[in-house]
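**Q** fold the following, please.
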Amino acid sequence: MKRFILPLLLLLAVGLLIAAESEPSEVVGYVKYDCVAGLNLVALPIEQGFTLSSEVGDTYPGQIDQISRWDADLQFWESAVFYDFGDGTGIWDPDFNVSIGTPVMASVTSPTTWPQGPRGNNQGTLQKFTGK
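**A** Presented below is the predicted three-dimensional model:
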């Protein structure tokens, strides 16, 4: 029995050492969504610092007319709609809070790339891989 337990414990110890979690890695790439006209499920990028749905929508003038997020507690989509005044201005109503990585459903009026990138350059946004 001792001959069986010792190798088993040795294998268990080696397995625990191998399974140790590594440190988070550096930036590993860009995240881009090629959106089509209609509804598109996307996630908010890390580097753009959006805090309100109106800030997200204003990044895509004339291309997004509605932004929705899922309310898990109430089990429905909360939507911010853009009301155009016809003179190049408008408002988003209701305006709700968003944060990094929030999944949203955007109603896109013409094909675009999400996100526009840190400076509106369609290059996507850097995401960090946390290793988890």
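**Q** okay, CA-based contacts and neighbour counts for the rest of this
**A** OK.
**Q** distance from the chain centre to the longest helix seen in the chain, please.
**A** Ranked by residue count, the top helix of the chain under DSSP state H comes out as helix 2-18. Its chain's C-alpha centre and that of helix 2-18 lie 42 Å apart, by C-alpha atoms, centre = their mean, to the nearest Å.
**Q** and the residue nearest the centre of the chain, what is it in contact with?
**A** Nearest residue to the geometric centre of the chain (C-alpha atoms, centre = their mean): residue 43, 2.4 Å. Contacts for residue 43 (C-alpha atoms under 8 Å, 6 or more residues apart in numbering) come out as 101, 102, 103, 104.
**Q** which one of those residues sits in the busiest neighbourhood?
**A** residue 104 (21 neighbours; other C-alpha atoms under 10 Å).
**Q** residues contacting the helix or strand harbouring that residue, please?
**A** Assigned by DSSP states H and E, residue 104 belongs to strand 103-108. When contacts are defined by C-alpha under 8 Å, 6+ apart, strand 103-108 is touched by residues 35-44, 63-70.
**Q** buried ones among the residues you listed?
**A** With neighbours counted by 16 or more other C-alpha atoms under 10 Å, those contain buried members at 35, 39-40, 42-44, 63-69.
**Q** any idea how far the residue nearest to the residue nearest to the centre of the chain when sequence neighbours are not counted lies from residue 49?
**A** Once flanking residues are discounted, residue 43 sits nearest to residue 103: 4.2 Å by C-alpha to C-alpha, 6 or more residues apart in numbering. For residue 103, the distance to residue 49 equals 15 Å [C-alpha to C-alpha, to the nearest Å].
**Q** go on, residue 112?
**A** 20 Å.
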